[in-house]
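>>> The sequence and its predicted three-dimensional model are supplied below.
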Amino acid sequence: MKTIIKSTLIFLILLYGGFTNAQDYKISVQNSKTSRLVLKNFNGSMPVEGYSGSEIIITADSGSFKTPERARGLKAVYPAGTDNTGIGLDVSNADNQVTVTCLLPFTRNTHYKVKVPDNVALEITSTCERSNDISVTGMKSEIDIKNCNDITLKDVSGPLVLTTISGDIDVTFGSLSSDKPFSINSVSGDIDITLPPKTATNLELRTITGSFYSDFDFSAPKENLKKVGGNVLNFPLNGGGFKFSIVTVSGNIYLRKGK
């Protein structure tokens, strides 16, 4: 019985400590429909969630930002900018663009979560040493991501420009409300896209060593399927519409019907 009570107390202490260590930094957005959020060089996994509010909320829910005793009277110096948030980030806000740069070295393990007004345009870039798996949910505006690892998007509307070097790309659309071009590229990884069933788009599918798989009806003329060191398929889905390019060098392309 004492062992159970002791274990419960330890769990509660750890749980409470996790909550108290979380730190938020908030940025007001004046006009989210014309605003852009740029996120640069975050470490590890970084979930981004769209919501119906008017603030960008960045939460550091792990890691310590306490100044060492020996550094009293000094300030932390980072090559990429100045920590003006208290959680290892440099934030600038000008001309309807908020730019947030993670200043911490890639060897330091700190976990951030980001909540964004869902109609803000989103841009995320991450260098390869960051090992950053990016996930985005519930965004209604354009998304531009350049990464070296996995990219996962759920309940998004686009338009999208996604690029990764060594990772899979998974995208599930809630709806499609744009006629701008879409582009999704992976050098080494599978691409898995779920589209609303009635999406009207001009598809351009390309892979060198992989294959195409879909539950859409691709009753295209044979001349549209070309074999030139790989597969190339151009197809007007549901009569055609905006351009949607999906390319992977070493991987398969999965195109699914959503609900």
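Received, thanks. Numbers count the residues shown, from 1 in each chain.
>>> can you give me the helices for the stretch 1-150 of the chain?
With DSSP state H, counting those that start in this stretch as the definition, the stretch 1-150 of the chain shows helices at residue ranges 2-21.
>>> Which parts of it are strands?
Secondary structure of the stretch 1-150 of the chain (DSSP state E, counting those that start in this stretch): strands located at 23-28, 36-40, 46-51, 55-60, 89-94, 97-102, 112-117, 121-125, 134-137, 143-147.
>>> JSON lines for those strands, including distance to residue 245 and mean neighbour count?
In short, each C-beta sits where N, CA and C put it, glycine included. JSON lines is the format used below for these (distance: least, C-beta to C-beta, whole Å; neighbours: other C-beta atoms under 10 Å):
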{"stretch": "strand 23-28", "distance to residue 245": "33", "mean neighbour count": "14"}
{"stretch": "strand 36-40", "distance to residue 245": "22", "mean neighbour count": "20"}
{"stretch": "strand 46-51", "distance to residue 245": "23", "mean neighbour count": "19"}
{"stretch": "strand 55-60", "distance to residue 245": "30", "mean neighbour count": "20"}
{"stretch": "strand 89-94", "distance to residue 245": "32", "mean neighbour count": "16"}
{"stretch": "strand 97-102", "distance to residue 245": "26", "mean neighbour count": "20"}
{"stretch": "strand 112-117", "distance to residue 245": "26", "mean neighbour count": "22"}
{"stretch": "strand 121-125", "distance to residue 245": "19", "mean neighbour count": "20"}
{"stretch": "strand 134-137", "distance to residue 245": "19", "mean neighbour count": "21"}
{"stretch": "strand 143-147", "distance to residue 245": "14", "mean neighbour count": "21"}
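>>> With mean pLDDT as added columns, please give these in TSV.
As requested, the strands of the stretch 1-150 of the chain are arranged in TSV below (pLDDT from 0 to 100):
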stretch	mean pLDDT
strand 23-28	94
strand 36-40	96
strand 46-51	94
strand 55-60	95
strand 89-94	94
strand 97-102	95
strand 112-117	95
strand 121-125	96
strand 134-137	96
strand 143-147	96
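>>> right, so of the ones you listed, which gets closest to residue 215?
strand 134-137 (23.6 Å; C-beta to C-beta).
>>> Output the below-cut-off pLDDT ranges for the stretch 51-200 of the chain.
Under the criterion of pLDDT under 70, the regions of the stretch 51-200 of the chain flagged as low confidence span 62-64.
>>> coming back round to it: export the strands of the stretch 1-150 of the chain as CSV, with columns for distance to residue 161.
Supplementary listing: these in CSV, determined by distance: least, C-beta to C-beta, whole Å:
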stretch, distance to residue 161
strand 23-28, 24
strand 36-40, 13
strand 46-51, 16
strand 55-60, 21
strand 89-94, 23
strand 97-102, 17
strand 112-117, 17
strand 121-125, 9
strand 134-137, 13
strand 143-147, 5
